[in-house]
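>>> need a structure here:
(one chain, ligands or ions: 2)
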Amino acid sequence: MEKIIVRGGKRLSGTVKVEGAKNAVLPVIAATLLASDGKSVIRDVPTLSDVYTINQVLRSLNADVEFENNTIVVDASRELKIEAPFEYVRKMRASVLVMGSLLARNGRARVALPGGCAIGSRPIDQHLKGFEAMGATVKVGNGFIEAEALEGLHGAKIYLDFPSVGATENIMMAAVLAKGTTVIENVAKEPEIVDLANFLNKMGANVKGAGTGTIKIEGVEQLFGIEHNIIPDRIEAGTFMVASAITGGNVLVKGAVPEHLSSLIAKMEEMGVIFEEEQDGIRVIGPDILKAVDIKTMPHPGFPTDMQSQMMALLLRAQGTSMITETVFENRFMHVEEFRRMNAQIKIDGRSVIMNGPSNLQGAEVAATDLRAAAALVLTGLVAEGVTRVTELKHLDRGYVGFHDKLAALGADIERISEVEEVELGQTYISDMNA
Ligand SMILES: CC(=O)N[C@H]1[C@@H](OP(=O)(O)OP(=O)(O)OC[C@H]2O[C@@H](n3ccc(=O)[nH]c3=O)[C@H](O)[C@@H]2O)O[C@H](CO)[C@@H](O)[C@@H]1O
Ligand SMILES: C=C(OP(=O)(O)O)C(=O)O
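Ligands and ions are numbered 1, 2, ... in the order given. The predicted structure follows:
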């Protein structure tokens, strides 16, 4: 088991470069299954464990996938299998996104039912409702979801009960090869939806309205492999913005797109953080004193739930009473207990968390409960007194490339070690003390 060890107290400075977005690349990789002719070339792909997992899903479906130098090449021109096995789907919920493409290509799909996870139960009823409206028969049993449309899918009018990111993407991918027109209302408006629509349109699809509340898709006969660059990761960018702000630092977050980050920047400005737009990114300057604010997570363009735990870390340092209300996931406060181990003054009241700050944060051994919680605990360690050890790094590796290396390059006192190395370090320390 590996751990990140961070000693608090350093102000960060310098430049950090943002990777391609995890939440954009995963649906785009799923969409490459739609190309029955030619190869898809995807650039700026981050080397994340989720990317390796979805590549395995594609290989298990009979696609050829190569991944080198942040570039993925997919050849899905052979006949595809229909079943995405549990061994991969259990590792990441986003693998359910192959369902729409498989249904569109094969008229059949069998995907293992993704389980619940640390941030909530995460049902996929809206995805399935969309497939059914397009003429598929959907059955759930024996741990699998099976969808069948042997006559092919047809266009439909679909209203989502909630602007689900995954349902919007899955239904878009099913609709691009369906007969006729599909109109999806109350869709998600995230930048990753726009990136997927751009990718599909380059492949030959006809998708209009991505980024607004309604998406209209005219089905086409066939789609082709094309080249595409993935958009920068706004959540990784936001995480480094918080890293700079929490340490009173001065960091240029290279590649960050201001329009993708408006709600976060607005809240951080309210707290007293200074932002300067530069040609190739956003400079973030942390003030000596942070002000308390209230935050409510919402679908885009509202405040992103994927920045909730990192902002909680920042608000623990703010003067006064702050409140965060989580409206997107019903159980995304698992990290609160870990923050308490670090002496955070924080309490949960239903779907809200209330903080009386600033907390006098102290280093402790803490366990990541999900991927953003992992980052948030490391951020807290940057300003805690003494040493913080963060475990369960498998969560971190789903969403951040070289997180500790990037922070170290900005001046943080941080390292990532295996448990064996920690025992050795302890022994060296004891023998040094005895010398
Ligand atoms: C790979 C990826 O892009 N992941 C992101 C995506 O997840 P994901 O696509 O899973 O998130 P959704 O937008 O679908 O989920 C939002 C809410 O809707 C509920 N829901 C969703 C679908 C459904 O059929 N029924 C239903 O009830 C979920 O349980 C959750 O409470 O968007 C989330 C919300 O911005 C982000 O936190 C994740 O990082
Ligand atoms: C919750 C997240 O991702 P996923 O939907 O892949 O679990 C996230 O990126 O914070």
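>>> right, and residue 119 touches residue 335 too?
No: with contact defined as Cβ atoms under 8 Å, residue 119 does not reach residue 335; the gap is 10.0 Å. Using the backbone N, CA and C atoms, a C-beta is placed for each residue, glycine as well.
>>> shared neighbours, the two?
residue 370 (Cβ atoms under 8 Å, 6 or more residues apart in numbering).
>>> quick one: which of these two has more around it?
residue 335 (28 against 24; other Cβ atoms under 10 Å).
>>> spatially nearest residue to the more buried one, not counting backbone neighbours?
residue 373 (3.7 Å; Cβ to Cβ, 6 or more residues apart in numbering).
>>> flag the shaky bits of this protein, pLDDT-wise.
Along the chain, the model assigns pLDDT under 70 to residues 115-117, 422-435.
>>> for it, what lies in contact range of ligand 2?
By Cβ under 6 Å from any ligand atom, the residues of the chain that approach ligand 2 are 23, 92, 93, 94, 119, 306, 371, 372, 399.
>>> who wins for neighbours among those residues?
Highest count within these by other Cβ under 10 Å belongs to residue 372, 29 neighbours.
>>> can you name the residues that contact that one?
Taking Cβ under 8 Å, 6+ apart, one finds 235, 239, 306, 307, 308, 309, 310, 399 in contact with residue 372.
>>> do you know how far it is from residue 396?
9 Å (Cβ to Cβ, to the nearest Å).
>>> check which helix or strand covers residue 395.
helix 394-399 (DSSP states H and E).
>>> and ligand 1, which of the residues of the chain next to ligand 2 reach it?
Within the residues of the chain next to ligand 2, those near ligand 1 by Cβ under 6 Å from any ligand atom are 23, 93, 94, 306.
>>> now go through the residues you listed and say which are in helices.
residue 23 (DSSP state H).
>>> contacts for stretch 403-418 next, please.
1-14, 16, 240, 243-244, 247, 249, 251, 375, 378, 381-382, 393, 396, 425.
>>> also stretch 103-110?
33-34, 36, 76, 80, 82-84, 98-99, 102, 131, 136, 144-153, 173-178.
>>> list, one by one, the residues from the stretch 251-400 of the chain near ligand 1.
305, 306, 328, 329.
>>> if I pick the last one, what's in contact with it?
Counting by Cβ under 8 Å, 6+ apart, residue 329 touches 119, 120, 122, 305.
>>> go with 7 Å
119, 120, 305 (Cβ atoms under 7 Å, 6 or more residues apart in numbering).
>>> so it is in which element?
Going by DSSP H and E, residue 329 is not in any helix or strand.
>>> now do the helices in the stretch 251-400 of the chain.
Under the criterion DSSP state H, counting those that start in this stretch, helices of the stretch 251-400 of the chain are mapped to 262-270, 308-315, 335-341, 371-381, 394-399.
>>> redo those as TSV? Include distance to residue 68.
Below are the helices of the stretch 251-400 of the chain laid out as TSV (distance: least, Cβ to Cβ, whole Å):
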stretch	distance to residue 68
helix 262-270	33
helix 308-315	31
helix 335-341	35
helix 371-381	25
helix 394-399	19
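>>> closest one to residue 70 among these?
helix 394-399 (15.9 Å; Cβ to Cβ).
>>> against which helices or strands is the closest one packed?
Packing partners of helix 394-399 (3 or more Cβ pairs under 7 Å, 6 or more residues apart in numbering; DSSP states H and E): helix 49-60, helix 371-381.
>>> winner for burial among those helices?
For the helices and strands packed on helix 394-399, the largest average neighbour count (mean count of other Cβ atoms under 10 Å) is found in helix 371-381, namely a mean of 29.
>>> report the central residue of the chain.
Nearest to the mean C-alpha position of the chain, by Cα atoms, centre = their mean, lies residue 23 at 4.9 Å.
>>> spit out the contact partners of that one.
residue 192.
>>> and stretch 185-193, what's buried?
186, 187, 188, 189, 190, 191, 192, 193 (16 or more other Cβ atoms under 10 Å).
>>> please save the CA atoms from it in CSV.
Extracted C-alpha coordinates of stretch 185-193, given in CSV (Å, rounded to 0.1, in the frame of the first residue of the first chain):
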residue,chain,number,x,y,z
GLU,A,185,-34.5,17.8,-23.0
ASN,A,186,-33.2,18.9,-19.6
VAL,A,187,-29.8,17.6,-20.6
ALA,A,188,-26.5,18.2,-18.8
LYS,A,189,-24.5,21.3,-20.1
GLU,A,190,-21.0,20.4,-18.8
PRO,A,191,-18.0,21.3,-21.1
GLU,A,192,-17.4,17.5,-21.4
ILE,A,193,-20.8,17.2,-23.1
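>>> contacts for that stretch, please.
Counting by Cβ under 7 Å, 6+ apart, 21, 23-24, 27, 159-160, 163-165, 168-169, 210-215, 231, 234, 260, 299-301 sit against stretch 185-193.
>>> same thing with stretch 39-58?
Contacts for stretch 39-58 (Cβ under 7 Å, 6+ apart): 19-20, 22, 25-26, 28-30, 32-33, 65, 67, 70-75, 84, 88, 91-92, 94-95, 98, 225-230, 233, 397-399, 401.
>>> try it again at 6 Å.
Stretch 39-58 has contacts (Cβ atoms under 6 Å, 6 or more residues apart in numbering) with 19-20, 22, 25-26, 28-29, 32, 65, 67, 70-75, 84, 88, 91-92, 95, 98, 225, 227-230, 397-398, 401.
>>> how about residue 249, phi and psi?
phi -90, psi -170 (degrees, to the nearest 10).
>>> now residue 169: which helix or strand?
Short version, using DSSP H and E: residue 169 is in helix 165-175.
>>> and that helix, what does it pack onto?
With contacts taken as 3 or more Cβ pairs under 6 Å, 6 or more residues apart in numbering; DSSP states H and E, helix 165-175 sits against helix 98-106, helix 125-133.
>>> what's the local residue count around the nearest residue to residue 150 once chain neighbours are set aside?
Leaving aside its sequence neighbours, residue 150 sits nearest to residue 107 (Cβ to Cβ, 6+ apart; 5.2 Å). Neighbour count for residue 107, taken as other Cβ under 10 Å: 17.
>>> ok, now how distant is residue 107 from residue 40?
Following Cβ to Cβ, the distance that separates residue 107 from residue 40 is 21 Å.
>>> for residue 218, same thing?
21 Å.
>>> more neighbours: which of these two?
residue 40 (27 against 15).
>>> for the more buried one, give the beta-bridge partners.
residue 74 (DSSP bridges).
>>> got the domain boundaries for this protein?
Domain assignment of the chain by the TED database yields the ranges 2-19+232-418, 22-229.
>>> what residues are up against the residue of the stretch 151-300 of the chain found nearest ligand 2?
Among all residues of the stretch 151-300 of the chain, residue 235 sits closest to ligand 2, at 6.2 Å; criterion: Cβ to the nearest ligand atom. By Cβ under 6 Å, 6+ apart, the contact list for residue 235 reads residue 306.
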